[in-house]
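Engineer: Need coordinates for the below:
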Amino acid sequence: MAYFDTIGGISGDMTLSAFVDAGIPLEVLSEELQRLHLSGFELAASHVERNAIVATRIEVIVSEERQTHRHLKDIHGLIDSSSLSGPVKETARKIFHQLAIAEAHVHRSDIDRVHFHEVGAVDSIVDIVGTAICLDYFGIREVYSSPVKLGSGGFVNTQHGTMPIPTPASLEILKGYPTVLTSIPSELTTPTGAAIIRALSRGTLTMERMKIEKIGYGAGTREIKEIPNLLRVMVGQLEEGYGTDELVTVETNIDDMNPEIYPFVIERLLDAGAHDAYVIPILMKKGRPGTLFSVLTQRSTLETILGILFRETTTLGVRIHPVERKKLHRSSREVATSFGRVQAKVIHQADRELLVPEYEECKRIALEKNIPLREVYRMLEEELRGG
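Structural biologist: The predicted model follows:
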C-alpha cells in the first residue's frame, strides 16, 4: 500500500517526483511511458531543497504539442491503443474519469463533451499515466492519504482564465473527502493531484500501524514560506488486521410506494456497485407506517446510486452521510473439496485465515447435485475448517 502525506498539497508532477525519490528508476519510468506512443517529451530529474529537506523534482520537458484540447474519448483512445499493461491502463482511465466528472459538473456539460485544457496537455498526460506506472512498479494495490491540503485567498491563471484558489475543479473532485483549508494563497493541490487522490485513495488513516518500506519526497515548483512544498509518499504494509474505507450512506424515508418494488430497486443498486442496500420498517409522523431505505456505497458511484433512487422510487430527496468503515481483509481462493474445486472466501484475521463457502458456489452445487442448500453449506464448512 501507499500513503500520500500531502505536506504541501499534491499535483501530478509532485506525485511522479515522490515515486522516483522512493526508488523507481527514471529510465524505467521513461521506457514505460514510451509505450503510450506519445512523442515530443522527455523527463528531467533534479534534487532540490524545501525547508532543508532534499527532495526529487521531475519535470516533463515538452518539445512539441500537437493538440492541447482533448476530449475524454481522445484520452481513452490514447491509453487503449498503447502497449501499457492492463492495470496501468485501468488506473490511468480512473484518474481521467474523475477529472472529466468534475469538469462536466463545473461547466454544466456532458462528460463526453468536456474539453481537457491543461490536463489534456502532454505533461499532464505523462503525470497521470506515469503515476499509474509507478503504482504498478511498486505493486501498490491500496492507497490512503492524509487530509488534502488546500490553499485559499489567492488566484491562479489557467486556460479558462483567472481562477480562485482552490479552483472549482479541485473542490468538485474533493467534495466529501477530508481536506484542510489553509490560509496559504497558493494552489497547493491541482485538479490532477485531487483526481489522483479521489480515484485511488480508500480514505485517510488515523491510528493504523504501518510498516514503512520506502519513502519518497516530491518537490513542488516553488518555495512556500509557510510550509515545505512537498508531497511525501510512504510505501509499505498496514499491520492492522483490518482495512479502512471512506464510504457514504444514502438514506430516504418512503411511505407511498408499492413494497413489491423494493427487491427490484435493491437488486439494481447492488448491480450498480453499492456495497449494501436494505429497508427498515419505521413509524413516521402522524403515525403513518413507512420504510427507511438505506444504501452504503463508494463516493465514486454516488451519482449512479442517486439516479437509481430518484428514478425507481417515489423519494423526493435523500440524506447523505460520510462513513468510515473498518473491515477485515478478504480474498478469494480455489480449494479442492468433495464437490470438486470450488471458490471460497478467505478472511484474514491477525495471524490466521478463515475459509468460508461462497453462496453462488453453494447454490450451483445444490442445483447440480440436487442436494438441499443448507446441506451443501454444512458439508463445505466442515471440509474448509478441516483444510
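Engineer: Got the phi and psi for residue 356?
Structural biologist: Reported as degrees, to the nearest 10, the phi and psi values for residue 356 are phi -130, psi 140.
Engineer: pLDDT score for it?
Structural biologist: With respect to pLDDT, residue 356 has a value of 91.
Engineer: Surely it and residue 344 touch.
Structural biologist: Yes: counting by Cβ atoms under 8 Å, residue 356 does reach residue 344; the two are 6.4 Å apart. For glycine as for every other residue, the C-beta is placed from the backbone atoms N, C-alpha and C.
Engineer: who's more crowded, the two?
Structural biologist: residue 344 (21 against 15; other Cβ atoms under 10 Å).
Engineer: Can you give me every residue that contacts the more buried one?
Structural biologist: Residues counted as contacts of residue 344 (Cβ atoms under 8 Å, 6 or more residues apart in numbering) are 332, 333, 334, 335, 355, 356, 357, 358, 361, 380, 384.
Engineer: Mind splitting the protein into its structural domains?
Structural biologist: Using automatic domain parsing, the domain ranges for the chain come out as 2-240, 244-326, 338-386.
Engineer: next one: phi and psi at the nearest residue to residue 304 once chain neighbours are set aside?
Structural biologist: Leaving aside its sequence neighbours, residue 304 sits nearest to residue 272 (Cβ to Cβ, 6 or more residues apart in numbering; 5.0 Å). Dihedral pair for residue 272: phi -80, psi 0, per degrees, to the nearest 10.
Engineer: when you give positions from now on, start the count at 33
Structural biologist: Understood, numbering begins at 33; the last thing we discussed is residue 304.
Engineer: Read off the pLDDT value for residue 304.
Structural biologist: 92.
Engineer: Sketch out the low-pLDDT regions of the stretch 233-382 of the chain for me.
Structural biologist: Applying pLDDT under 70 to the stretch 233-382 of the chain picks out residues 238-239, 272-274, 382.
Engineer: can you map out the strands along it?
Structural biologist: Along the stretch 233-382 of the chain, counting by DSSP state E, counting those that start in this stretch, strands occupy 233-236, 242-251, 262-270, 274-286, 308-315, 321-330, 351-369, 372-381.
Engineer: which of those is buried the deepest?
Structural biologist: Mean neighbours per residue, mean count of other Cβ atoms under 10 Å, is largest over those for strand 262-270, with a mean of 21.
Engineer: packing partners for that one?
Structural biologist: strand 34-37, helix 44-54, strand 242-251 (3 or more Cβ pairs under 8 Å, 6 or more residues apart in numbering; DSSP states H and E).
Engineer: Tell me which of the domains of the chain is the most buried.
Structural biologist: Counting by mean count of other Cβ under 10 Å, domain 34-272 has the highest mean neighbour count of those, with a mean of 19.
Engineer: Now do the closest residue to residue 206 other than its chain neighbours against residue 153, distance only.
Structural biologist: Nearest residue to residue 206 in three dimensions, chain neighbours excluded: residue 226, at 5.1 Å (Cβ to Cβ, 6+ apart). As judged by Cβ to Cβ, to the nearest Å, residue 226 and residue 153 stand 17 Å apart.
Engineer: would residue 163 count as being in a helix?
Structural biologist: Yes: the assignment for residue 163 by DSSP: H, G, I helix; E, B strand; the rest coil puts it in a helix.
Engineer: That one reaches residue 126, doesn't it?
Structural biologist: No: using Cβ under 8 Å, residue 163 is not in contact with residue 126; the gap is 10.8 Å.
Engineer: Where do the helices of this structure begin and end?
Structural biologist: 44-54, 58-65, 104-112, 118-138, 154-170, 200-206, 223-232, 294-303, 334-344, 391-401, 405-418 (DSSP state H).
Engineer: Low-confidence stretches in the stretch 33-182 of the chain?
Structural biologist: 96-101, 145-152.
Engineer: 80 instead?
Structural biologist: Along the stretch 33-182 of the chain, the parts satisfying pLDDT under 80 run over 96-102, 139-153.
Engineer: quick one on the thing from earlier: who are the neighbours in contact with the residue nearest to residue 336?
Structural biologist: Listed by Cβ under 8 Å, 6+ apart, the contact partners of residue 304 are 333, 336, 337, 340.
Engineer: again, 10 Å this time
Structural biologist: Contacts for residue 304 (Cβ atoms under 10 Å, 6 or more residues apart in numbering) come out as 327, 329, 333, 336, 337, 339, 340.
Engineer: Distance of the second one relative to residue 222?
Structural biologist: When you say that, I think you mean residue 329. Distance of residue 329 to residue 222, computed by Cβ to Cβ: 27 Å.
Engineer: With the third one instead?
Structural biologist: Applying Cβ to Cβ, one obtains 25 Å for the distance of residue 333 from residue 222.
Engineer: What is the end-to-end distance of stretch 341-349?
Structural biologist: Terminal residues of stretch 341-349 are spaced 9 Å apart (Cα to Cα, to the nearest Å).
Engineer: how far out from the middle of the chain is it?
Structural biologist: Computed by Cα atoms, centre = their mean, to the nearest Å, the chain-centroid distance of stretch 341-349 equals 27 Å.
Engineer: residues making contact with it?
Structural biologist: Identification of contacts with stretch 341-349 by Cβ under 10 Å, 6+ apart yields 282-290, 293-294, 296-298, 300-301, 309, 323, 325, 327, 338, 350.
Engineer: Now with 6 Å, please.
Structural biologist: 284, 286, 288, 289, 297 (Cβ atoms under 6 Å, 6 or more residues apart in numbering).
Engineer: Surely the second one is in contact with residue 323?
Structural biologist: Looking back up the chat, that one is residue 286. Yes: in this structure, residue 286 is within contact of residue 323 by Cβ atoms under 6 Å, at 5.0 Å.
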